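1. Below are the sequence and a predicted model; questions follow.
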Amino acid sequence: MGRAFVYVILGGGVSGGYAAREFTRRGVSPGELCIISDEPVAPYERPALSKGYLLPEAPARLPSFHTCVGAEEERLTPKWYKENGIELVLGTRVKSADVKRKTLLTAAGETISYKILIIATGARSLKLEEFGVNGSTAENVCYLRDLSDADRLVKVMGSCAGGNAVVIGGGYIGMECAASLEINKINATMVFPEAHCMARLFTPKIASFYEDYYESRGVKFIKGTVLSSFDFDSNGKVTAVNLTDGQKLPADMVIVGIGIRPNTSLFEGQLTLEKGGIKVNGRLQSSNASVYAVGDVSTFPVKLFGESRRLEHVDSARKSAIHAVGTIMEPDRTDEFDYVPFFYSRVFALSWQFYGQNAGEPVHFGDYLAGPFGAYWVSNGYLVGSFLEGGTKEEYEAIAKATARKPEIEDFDELESQGLGFALAVSKRPPPTSEFIGPSNGSGCGLVLDKPLYAWHATSGVIVAVSVAAFAYWYGNRRRRW
C-alpha cells in the first residue's frame, strides 16, 4: 500500500507550516501536497514553547500558536489544511528514504512517493548520555524541543513550586527556561562550562549585563564546570546534581539545554552533507535536483559572508521554507536566497536583536547600565555584525540595514563614539558607493562607507534585513507571551 504526491514536506515544524502556506499562495492544487510529521499536531510556532507555554498564568496553548501567526498571518489549523486539500500525515515516523526512487518508507510500512521533496526535519536535542552522563529518563529531568517536551516540563514545574531547579547549559534554551523558572517561583541555578552565558554570541561585556540582571531576579550562575553525575532517590528521581569541580547542588528538577543535532540520518550517503547539515545551493536545492532542504537541517550559502552556514533559528526556518517553495513553483521568477542572519530573544523585560556574524573585533556602545546598548563586530575592515538591546523599531531596522550594507570601518574609536548613531546614519543613505561620513578635512571621524564586498546584492539584502527587523519588533511587542 502507498500514496503518491507531487510535493512532500518531511517535517512538521515551523518550516513545514510556512512552506505549506506558500504552496497555497502559489497555486498548489488540492491533493498535490503532503506533510509528514512524527508529531501528532499540525505545525506550530516553536518559540512559544520556551516562552508563553511556560507561563504560570494564561499560558499559550494550541491552537493559539499554530503557524503562521508568528508572522502576523493566518493560523493554519488542521481545518485549514483540509480546506486547502493538503494531506497531514501526523504521528508518523519515516524510517528510510530513497532519493533515487523518490520514496519514503514509514515505520508502519507505508510507502509515500513524491516528485519534489522538501526536507524540514529540523534537529533533535543532544542528550546527556552522548557526553557520558546517565539520567535523561528520570521523571524530573527535562529537555525542550517539541510539544511533548513542553508538556512534560510544565508538569514537572507544577510539582516544584518553591523548589530548586538546575539548568544545564548557558545558551538560548538555558537562558529562556531559567527566566521561566523564576517567573514560576522556582529557584534556578544555571551551570555551564564557558566563562559567560550565550558564549557563542555574546561578548563578555554583553553577557555580564544579562548575568547581572538574572542574578537580580534570583537566578544563580555556576560557570567553568559541567555535570558529572546525578544522585537519585529510591524512585529514580534526581535529588542532586554533581559537578566536575566537586560541587553538589540540590535539585527538585533539571532542565538540559546542551545543543542540538540536525536530523540528517535518513539522507546520509545519499545527499551531500556539510557543516552538520544537508548542503544546498542558493535555490535551497540539494545534491539531488528533486530534493530541497530548509531550516535547521540546511547548510546554505550566506551571500553576506561569502560562505555556507547552517543556522539554528526560527527566522531562518521561516524564510528558507518560503523561498524554497518559490524556487520550486516559480523558478524563473525567484532569485537565489539572500538572507541576513538574524537572532533575537526576549527574557523578563529585556529584548535584544542580532544581525550578521560575531566575527572579528567587537566595538561596544551605549549605556550598559540603563540602555539601550549594543555592539558592532568589525572584520577585515568591514562591519559584519550588530547587536542591540532595548531598541526601538527604527533602531532595530537601522542595525539590520547597516549590517546588510557591510560598510567599511577605519576608526574603531569613532565607531564607538557614534554608537547607534552610526547605524542610523547608514540606514538613511542610499546603498553605499564609496561614500564618506564625517568632516571632509581629514581630521574627523574616519568612517568610510564603501562598496560592500557583495555590492550587487546589497539592495535586496537591505530590504530583507529591514523586513526582518520590523517583524521582530512587532513580534516582541505584540506577542511577548511567546
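-> Perfect, I can see it now.

2. Could I get the phi/psi values of residue 184?
-> phi -90, psi 10 (degrees, to the nearest 10).

3. surely it meets residue 157?
-> Yes: Residue 184 lies in contact with residue 157 (Cβ atoms under 8 Å); the separation is 5.4 Å. C-beta: built from backbone N, CA, C; applies to glycine.

4. Quickly list what's touching both of these two.
-> Common contacts of residue 184 and residue 157, defined by Cβ atoms under 8 Å, 6 or more residues apart in numbering, comprise residue 54.

5. the more surrounded of the two?
-> residue 157 (24 against 19; other Cβ atoms under 10 Å).

6. Now for the most centrally placed residue in the chain: which residues touch it?
-> Nearest residue to the geometric centre of the chain (Cα atoms, centre = their mean): residue 313, 1.4 Å. Taking Cβ under 8 Å, 6+ apart, we find residue 313 in contact with 341, 342, 343.

7. from these, which is closest to residue 427?
-> Taking Cβ to Cβ as the measure, residue 427 sits nearest to residue 342 out of the contacts of residue 313, at 15.6 Å.

8. so how far is residue 43 from residue 55?
-> 22 Å (Cβ to Cβ, to the nearest Å).

9. Give me the more crowded residue out of these two.
-> Neighbour totals were compared for residue 55 and residue 43, and residue 43 leads with 29 against 15 (other Cβ under 10 Å).

10. Could I get the phi/psi values of the more buried one?
-> Backbone torsions for residue 43, taken as degrees, to the nearest 10, come to phi -50, psi 140.

11. Residue 208 too?
-> phi -60, psi -40.

12. For it, which non-adjacent residue is spatially closest?
-> Once flanking residues are discounted, residue 208 sits nearest to residue 196: 6.9 Å by Cβ to Cβ, 6 or more residues apart in numbering.

13. Count the neighbours of the one you found for me.
-> 19.

14. ok, now the one 10 residues further on?
-> Neighbourhood size, residue 206 [other Cβ under 10 Å]: 24.

15. So it is in contact with residue 388, correct?
-> No: at 10.5 Å, residue 206 and residue 388 do not qualify as touching, with contact defined as Cβ under 8 Å.

16. residues contacting residue 23?
-> 7, 33, 86, 325, 329.

17. Pick out the most distant pair among those residues.
-> Farthest pair in the contacts of residue 23 (Cβ to Cβ) is 86 and 329. Separation: 14.5 Å.

18. Those two - which one has more neighbours?
-> residue 86 (25 against 17).

19. Would you agree the more buried one is in contact with residue 42?
-> No: Residue 86 lies out of contact with residue 42 (Cβ under 8 Å); the separation is 9.7 Å.

20. Tell me the predicted confidence for residue 443.
-> Looking at residue 443, its pLDDT stands at 31.

21. Least confident secondary structure element in the protein?
-> Every helix and strand in the chain was compared by mean pLDDT, DSSP states H and E; the lowest is strand 435-437, with a mean of 36.

22. re earlier: how close does the residue nearest to residue 208 sit to residue 170?
-> 8 Å.

23. Overlap of the contact sets of the two?
-> With Cβ under 8 Å, 6+ apart, residue 196 and residue 170 have common neighbours residue 223.

24. Only the buried residues of stretch 243-261, if you could.
-> By neighbour count on 16 or more other Cβ atoms under 10 Å, the buried set for stretch 243-261 is 243, 249, 251, 252, 253, 254, 255, 256, 257, 258, 260.

25. Just those: which are in strands?
-> 243, 249, 253, 254, 255, 256, 260 (DSSP state E).

26. now stretch 246-257, how far from the centre of its chain.
-> Chain-centre distance of stretch 246-257: 26 Å, with Cα atoms, centre = their mean, to the nearest Å.

27. Oops, could you answer that again for stretch 51-59 instead?
-> The answer for stretch 51-59 is 20 Å, by Cα atoms, centre = their mean.

28. got it, and stretch 196-214?
-> So, by Cα atoms, centre = their mean, the centroid of stretch 196-214 is 18 Å from its chain's centroid.

29. what's the answer for stretch 109-120, then?
-> In terms of Cα atoms, centre = their mean, the centre of stretch 109-120 is found 26 Å from the chain centre.

30. Buried ones in it, by neighbour count?
-> 112, 113, 114, 116, 117, 118, 119, 120.
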